[in-house]
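# Sequence first, predicted model second:
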Amino acid sequence: MNVRLRSLHQIRPAIQSGCRMTKTYHIAIVGATGAVGAELLRVIERRNFAVASLRAVGSARSIGKSVRFHDQSIAVEELSDRSFDKIDIAFFSAGGAISRKFVPIARRAGAIVIDNSSVFRMESDVPLVIPEINAEDARTHSGLIANPNCTTAIALMALYPLHRVFGVRRVFAASYQAVSGSGARAIDELRQQVKDVAQDQQWSGREPGDIEGKREWATRGKRVDQLTSQIYPHPIAFNVLPHVDSFLDSGYTKEEMKMQNEGRKIMHLPEFRASVTCVRVPVYRAHSVAVSAEFDRPISVERAREVLAKAPGVDLVDEPQNNRYPMPLTVAGKDNCQVGRVRVDCAFENGLSFWVSGDQLLKGAALNAVQIAELL
């Protein structure tokens with residue numbers, strides 16, 4: 001397939017409102033039954049992506065399942081070396097091990113791969129693309145385009161427009177990451193842990209007619225520290241874990257280094273520095289990031305708000321006096337990220353602090369991947 005890419009200002013309307021393609025594409029979704037795979041199906045349908053045929057691909061344990069697409073039931077096929085025959089675009093969202101093994105097979109079969117894993121992101125010949133930021137990088141692909149880390153994508157949606165005007169030097173950030181970033185099983189684990197703690201609540205103690213009129217709560221549910229955890233090293237219900245991904249010798253986690261490393265590549269800013277603490281929180285969906293950024297040029301809150309209000313894919317929600325600011329509850333299921341709590345940073349000379357929230361299953365994964373496909 002020949003790749004013809006329009007200029008950035010020409011493709012931005014498509015980024016915002018959906019693709020407008022005349023050619024149709026044979027699509028494969030690897031990991032179709034997972035959390036991101038399910039979102040890919042919905043986004044492709046909602047944005048009217050030009051699909052000639054769709055192949056849902058999964059592991060052996062997914063055989064017998066089906067997915068819905070345009071009111072049709074599509075049986076899940078087991079992933080194999082033949083899964084990419086006559087496929088134009090293959091979306092991968094089944095983890096690093098699957099991508100490492102099957103992405104080369106898909107490319108040899110002639111498919112263009114859009115990969116959601118971290119396996120190929122930092123390879124020099126693989127474009128790492130957020131269409132609102134560096135759509136032109138997709139021009140250089142050789143059959144593989146990488147989707148960025150979800151937290152990085154959400155943070156850069158707010159940071160990059162500011163960088164274009166003020167020139168970012170470095171950031172300090174803390175993420176608040178929903179369990180759906182770990183997949184469907186993590187959602188189930190949080191739901192079950194909440195249920196285990198809350199079940200069988202009952203009143204005990206003295207009855208209302210007692211002289212002291214005293215009541216106490218009793219429960220036959222589990223204590224939080226007694227909960228069973230399989231996805232995370234500790235219970236996530238009623239808890240926060242300063243631990244996302246594996247730890248490096250530096251004391252940072254792999255997740256925490258992605259904002260610096262991937263940010264440098266996406267923004268074409270090799271000197272960019274980011275010190276990040278990534279935290280898993282008991283939220284089902286949508287990540288948030290608290291960012292303090294230092295810039296080369298003087299910055300004001302008023303000018304920053306003007307820039308953010310015009311940024312593609314971003315909604316400015318910044319009325320703290322009216323209790324209006326970005327929250328996971330208000331961005332879940334929405335394409336745009338929200339940014340607010342914009343204020344002068346007290347610790348930097350040319351500094352700005354802000355809070356950004358975004359649906360990591362959408363802009364951090366499925367939506368961004370489909371937007372990349374719309375560039376092809």
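Looks like it arrived, so ask away. Numbers count the residues shown, from 1 in each chain.
# Return the distance of the closest residue to Leu227 other than its chain neighbours relative to Arg280.
Counting by CB to CB, 6 or more residues apart in numbering, Pro235 is the residue found nearest to Leu227 once chain neighbours are left out, at 4.0 Å. Where C-beta positions appear, they are placed from N, C-alpha and C, glycine not excepted. Per CB to CB, to the nearest Å, Pro235 is found 11 Å from Arg280.
# what about these two, which has more around it?
Arg280 (27 against 22; other CB atoms under 10 Å).
# beta partners of Ile27?
Following DSSP bridges, Ile27 is listed with bridge partners Leu54, Ile89.
# my read: it touches Ile89, true?
Yes - between Ile27 and Ile89 there is a contact under CB atoms under 8 Å: 5.4 Å.
# any chance you could map the strands in the stretch 1-150 of the chain?
25-30, 51-58, 66-69, 72-75, 77-78, 89-92, 112-115, 144-146 (DSSP state E, counting those that start in this stretch).
# what's the pLDDT at Ala198?
Per-residue pLDDT puts Ala198 at 84.
# could I have the longest helix anywhere in the chain exported to CSV, CA atoms only?
Longest helix in the chain, counting residues (DSSP state H): helix 150-166. What follows is the C-alpha trace of helix 150-166 in CSV, where atoms were taken according to Å, rounded to 0.1, in the frame of the first residue of the first chain:
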residue,chain,number,x,y,z
CYS,A,150,-1.0,6.3,27.3
THR,A,151,0.1,8.6,30.1
THR,A,152,2.7,10.2,27.9
ALA,A,153,0.0,10.8,25.2
ILE,A,154,-2.4,12.5,27.6
ALA,A,155,0.3,14.7,29.2
LEU,A,156,1.7,15.8,25.8
MET,A,157,-1.7,16.7,24.5
ALA,A,158,-1.6,19.7,26.9
LEU,A,159,2.2,20.2,27.1
TYR,A,160,3.0,20.3,23.4
PRO,A,161,0.8,23.3,22.4
LEU,A,162,2.5,25.2,25.3
HIS,A,163,5.9,24.1,24.1
ARG,A,164,5.2,25.4,20.6
VAL,A,165,4.7,28.9,22.0
PHE,A,166,7.0,29.0,25.1
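# Pull the contacting residues for the closest residue to Leu248 other than its chain neighbours.
The shortest distance from Leu248 to any non-neighbouring residue, by CB to CB, 6+ apart, is to Lys254 (6.4 Å). Lys254 sits next to Ser118, Asp245, Ser246, Leu248 when contact means CB atoms under 8 Å, 6 or more residues apart in numbering.
# Now restrict the residues you listed to buried residues only.
Ser118, Asp245 (16 or more other CB atoms under 10 Å).
# ok, the contacts of Lys254 vs Lys265, which is closest?
Of all the contacts of Lys254, Lys265 sits closest to Ser118, with 12.4 Å by CB to CB.
# ok so Phe172 is a strand residue?
Yes - with DSSP: H, G, I helix; E, B strand; the rest coil as the criterion, Phe172 is assigned to a strand.
# Which parts of the stretch 201-350 of the chain are strands?
Secondary structure of the stretch 201-350 of the chain by DSSP E, counting those that start in this stretch: the strands cover 201-205, 215-219, 273-280, 287-295, 314-316, 337-344.
# Ile133 is nearest to which of those strands?
strand 314-316 (11.3 Å).
# Each with direction, which strands does that closest one pair with?
strand 337-344 (parallel).
# Next SSE downstream of the partner strand?
For strand 337-344, the following helix or strand on the C-terminal side (DSSP states H and E) is strand 351-358.
# Would you mind listing where this structure has pLDDT under the threshold?
Regions of the chain meeting the criterion pLDDT under 70 cover residues 1-22, 200-222.
# Let's see that with 80 instead.
Applying pLDDT under 80 to the chain flags residues 1-22, 199-225.
# Just list the residues touching the closest residue to Gln360 other than its chain neighbours, thanks.
In space, Gln360 comes closest to Cys150 once its chain neighbours are excluded; the distance is 3.8 Å by CB to CB, 6+ apart. Cys150 makes contact with Gly181, His287, Gln360, Leu361, Lys363, Gly364, Ala365, according to CB under 8 Å, 6+ apart.
# Determine the number of other residues adjacent to Arg46.
If we define neighbours as other CB under 10 Å, then Arg46 has 12 of them.
# cool, and Gly358?
Using other CB under 10 Å as the criterion, the residues surrounding Gly358 number 32.
# Could you do Ala347 as well?
Neighbours of Ala347 (other CB under 10 Å): 9.
# same thing with Pro298?
9.
# how close does Ser53 sit to Lys23?
Following CB to CB, the distance that separates Ser53 from Lys23 is 13 Å.
# Which of those two has more residues huddled nearby?
Taking other CB under 10 Å, Ser53 and Lys23 do not tie; Ser53 has more neighbours (13 against 9).
# I figured that one was touching His26, is that so?
Yes - in terms of CB under 8 Å, Ser53 counts as a neighbour of His26; the distance is 4.8 Å.
# and stretch 362-376, C-alpha only, in CSV?
The C-alpha coordinates for stretch 362-376 follow below in CSV (Å, rounded to 0.1, in the frame of the first residue of the first chain):
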residue,chain,number,x,y,z
LEU,A,362,-9.2,6.3,23.8
LYS,A,363,-6.6,9.0,23.3
GLY,A,364,-4.0,6.9,25.1
ALA,A,365,-4.7,3.8,22.9
ALA,A,366,-7.6,3.1,20.5
LEU,A,367,-8.5,6.6,19.3
ASN,A,368,-4.9,7.5,18.7
ALA,A,369,-4.3,4.3,16.8
VAL,A,370,-7.3,4.9,14.5
GLN,A,371,-6.3,8.5,14.0
ILE,A,372,-2.9,7.2,12.8
ALA,A,373,-4.7,4.8,10.4
GLU,A,374,-6.6,7.8,9.1
LEU,A,375,-3.3,9.4,8.0
LEU,A,376,-2.5,6.5,5.7
